[in-house]
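> everything below, folded, please.
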Amino acid sequence: MNKSELIAALAQKESLTEKQATDIVNLIFTGFLETLKSDGRIEIRGFGSFTVRNYCSYTGRNPKTGVKTKVREKKLPFFKVGKELKKRVNRR
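Predicted structure coming up:
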């Protein structure tokens, strides 16, 4: 499911206009983004949690040319699956 499919499903299920559903989804995503940008944690019980992991700088290598290059430190979002979601996905 992509963002537009999520918006369409929300609009249909809750009898909303597509604009209203888009605003709701964008509000949620903006809230998630702002929380993660401020190094916060998002936990959705039964689904999983989102955090930001910090990675130190390191010397990398361009696989095409073999030239060594300095990779700056960075932050990347990380998702940890919740137990309940694991069980539901693996249920047959």
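> now do the strands in the chain.
42-44, 48-55, 58-61, 68-71, 74-81 (DSSP state E).
> for the longest helix seen in the chain, give the mean pLDDT please.
What stands out as the longest helix in the chain, according to DSSP state H, is helix 18-37. Mean pLDDT, helix 18-37: 97.
> that older thread, now the strands of the chain in a markdown table, with distance to Phe29 and mean pLDDT?
Where C-beta positions appear, they are placed from N, C-alpha and C, glycine not excepted. Formatted as a markdown table, the strands of the chain follow (distance: least, C-beta to C-beta, whole Å; pLDDT from 0 to 100):
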| stretch | distance to Phe29 | mean pLDDT |
| --- | --- | --- |
| strand 42-44 | 11 | 97 |
| strand 48-55 | 12 | 96 |
| strand 58-61 | 31 | 96 |
| strand 68-71 | 28 | 96 |
| strand 74-81 | 12 | 96 |
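> of these, which is nearest Glu34?
strand 42-44 (10.4 Å; C-beta to C-beta).
> what about Ile7, how many residues nearby?
20 (other C-beta atoms under 10 Å).
> got a list of what the nearest residue in space to it that is not next to it in sequence touches?
Sequence neighbours aside, Ala21 is the residue nearest to Ile7 in space, at 4.7 Å (criterion: C-beta to C-beta, 6 or more residues apart in numbering). By C-beta atoms under 8 Å, 6 or more residues apart in numbering, the residues touching Ala21 are 7-8, 10-11, 14.
> turn the strands of the chain into CSV, columns for distance to Leu36 and mean neighbour count.
Formatted as CSV, the strands of the chain follow (distance: least, C-beta to C-beta, whole Å; neighbours: other C-beta atoms under 10 Å):
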stretch, distance to Leu36, mean neighbour count
strand 42-44, 7, 13
strand 48-55, 5, 13
strand 58-61, 23, 10
strand 68-71, 21, 10
strand 74-81, 6, 11
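> so can I have CSV of the ones you listed showing distance to Leu33?
Formatted as CSV, these follow (distance: least, C-beta to C-beta, whole Å):
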stretch, distance to Leu33
strand 42-44, 10
strand 48-55, 10
strand 58-61, 26
strand 68-71, 24
strand 74-81, 9
